[in-house]
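> Pasting a predicted model and its sequence here:
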Amino acid sequence: MARIIGGIGTTHVPSIGKAIAEKKYQDPYWKPFFSGFDYVHGWLAREKPDVAVVFYNDHGLNFFLDKLPTFAVGAAGEYRNEDEGWGIPVSRSVAGDPDFSWHIINTLVADEFDITMCQDMLVDHAVTIPLGLMWPGESWPVKIVPIEVNTVQHPLPSLKRCLALGRAVGRAIEAYPRDLKVMVIGTGGLSHQLDGERAGFVNKEFDQLCMDKLIGEPDELARYSVHKFIELAGAQGIEFLNWMAMRGALTGRVAQVHRNYHIPISNTAAATVVLENKPLAGLKAA
Ligand code: DHB
Ligand code: FE
């Protein structure tokens, strides 16, 4: 059966792509951020996931304001990246796992999540930057199932709904009969606002609270309304919806094994968190 080994939450700021291309790992501006991935590299080398389920928000590359699904699941054999207008290099394509995607889609719809299914899907920086951070300078050794969450055009799904979506995805993964090691990724955040009067807004205290509660009390975070969350985290800080879904998919005993937090990367409070997921059955046996 498929097994969920853990989850990673990470920012997806596009300028990271340029910094990776220019190998600015030791640059004083970038080092405090990139060094937060040393632990991640070791963790991935030890755990060797086969597949990554990636909760992310599309920024106008694949979906635009005219047609914007609340939740969309990719079911393609390959996901291409294209020029998104941020001046960053177009990345390599990412391999998909259509059989696993269809299993998740079937299970979600049976579970009454009315998702959009995409047999053709472009992925933007919200997928490719996290992959480039996790596996720099080599081919990406995982297949992905991308799951888009609308964090862009109101009405947005609630934090509660995204947590429930993640939980349904977690149940689907565990019901998959192939022997796969699955990791879950939530991208974006943490606090940031790119436009309007509050452009540049970040909220360190609130970010710390979100990362703390995410470990063992995600249902408490789920009580925030979308509008209250945006007031506290900024208009794009609501990308945390992807982190909520990632956390929901961790169905076992969850422990935070790594956290890095740094202000600013571009306009964003940048965070990287690794959560391990141990089976509940293991707890009983111990
Ligand atoms: C930035 C952050 C984002 O989440 C994004 O999608 C684009 C840009 C930024 O801080 O520059
Ligand atoms: Fe974003």
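Yep, that arrived. Numbering: from 1, shown residues only. Ligands and ions are numbered 1, 2, ... in the order given.
> what residues are up against the residue in the chain that ligand 1 sits nearest to?
Nearest residue of the chain to ligand 1: Ser266, at 3.2 Å (C-beta to the nearest ligand atom). Just so you know, the C-beta spots here come from the backbone N, C-alpha and C atoms, and that holds for glycine as well. Contacts for Ser266 were tallied using C-beta atoms under 8 Å, 6 or more residues apart in numbering; they are 13-15.
> Go back to those and keep what's next to ligand 1.
13-15 (C-beta under 6 Å from any ligand atom).
> can you give me the helices in the stretch 101-250 of the chain?
According to DSSP state H, counting those that start in this stretch, the stretch 101-250 of the chain carries its helices in the segments 125-134, 159-174, 204-216, 218-221, 226-233, 240-248.
> Please see if the third one touches ligand 1.
Which is helix 204-216. No: Helix 204-216 stays clear of ligand 1 (C-beta under 6 Å from any ligand atom), getting no nearer than 13.8 Å.
> Output that helix as CSV - backbone C-alpha positions only.
What follows is helix 204-216, C-alpha atoms only, in CSV (Å, rounded to 0.1, in the frame of the first residue of the first chain):
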residue,chain,number,x,y,z
LYS,A,204,6.1,37.5,11.8
GLU,A,205,4.0,36.8,15.0
PHE,A,206,1.1,35.5,13.0
ASP,A,207,3.4,33.3,10.8
GLN,A,208,5.0,31.8,13.9
LEU,A,209,1.5,31.0,15.3
CYS,A,210,0.5,29.4,12.0
MET,A,211,3.6,27.2,11.8
ASP,A,212,3.1,26.2,15.5
LYS,A,213,-0.6,25.4,15.2
LEU,A,214,-0.1,23.5,12.0
ILE,A,215,1.8,20.8,13.7
GLY,A,216,-0.7,19.5,16.2
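> circling back to that earlier point, next step: the ones next to ligand 1 among the contacts of Ser266 restricted to helices.
Among these, the members found in helices (DSSP state H) are Ser15.
> can I get the ones next to ligand 1 among the contacts of Ser266 in CSV with neighbour count?
What follows is the ones next to ligand 1 among the contacts of Ser266, written out as CSV (neighbours: other C-beta atoms under 10 Å):
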residue, neighbour count
Val13, 21
Pro14, 18
Ser15, 17
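> average pLDDT across stretch 232-248?
Averaging pLDDT along stretch 232-248 gives 98.
> Sorry, wrong one. I was asking about stretch 24-44.
So the average pLDDT for stretch 24-44 ends up being 98.
> For it, buried residues please.
24, 30, 33-34, 36-37, 40, 43-44 (16 or more other C-beta atoms under 10 Å).
> So what touches that stretch?
With contacts defined as C-beta under 8 Å, 6+ apart, stretch 24-44 is touched by 6, 8, 16, 19, 133-136, 257-258, 260, 262, 265, 270, 272, 274.
> can I have it written out in PDB, keeping just the CAs?
The C-alpha coordinates for stretch 24-44 follow below in PDB (Å, rounded to 0.1, in the frame of the first residue of the first chain):
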ATOM      1  CA  LYS A  24      23.600  32.500  -5.500                       C
ATOM      2  CA  TYR A  25      23.600  30.000  -2.600                       C
ATOM      3  CA  GLN A  26      26.300  31.800  -0.700                       C
ATOM      4  CA  ASP A  27      25.200  35.400  -1.500                       C
ATOM      5  CA  PRO A  28      24.500  37.200   1.800                       C
ATOM      6  CA  TYR A  29      20.900  38.000   0.700                       C
ATOM      7  CA  TRP A  30      20.100  34.400  -0.200                       C
ATOM      8  CA  LYS A  31      22.200  32.300   2.200                       C
ATOM      9  CA  PRO A  32      19.800  32.500   5.200                       C
ATOM     10  CA  PHE A  33      17.000  31.200   2.900                       C
ATOM     11  CA  PHE A  34      18.900  28.500   0.900                       C
ATOM     12  CA  SER A  35      20.700  27.200   4.000                       C
ATOM     13  CA  GLY A  36      17.200  26.300   5.300                       C
ATOM     14  CA  PHE A  37      17.200  23.600   2.600                       C
ATOM     15  CA  ASP A  38      20.300  21.700   3.800                       C
ATOM     16  CA  TYR A  39      18.200  19.700   6.200                       C
ATOM     17  CA  VAL A  40      15.500  19.100   3.500                       C
ATOM     18  CA  HIS A  41      18.200  17.700   1.100                       C
ATOM     19  CA  GLY A  42      19.300  15.200   3.800                       C
ATOM     20  CA  TRP A  43      15.700  14.200   4.600                       C
ATOM     21  CA  LEU A  44      14.900  13.600   1.000                       C
END
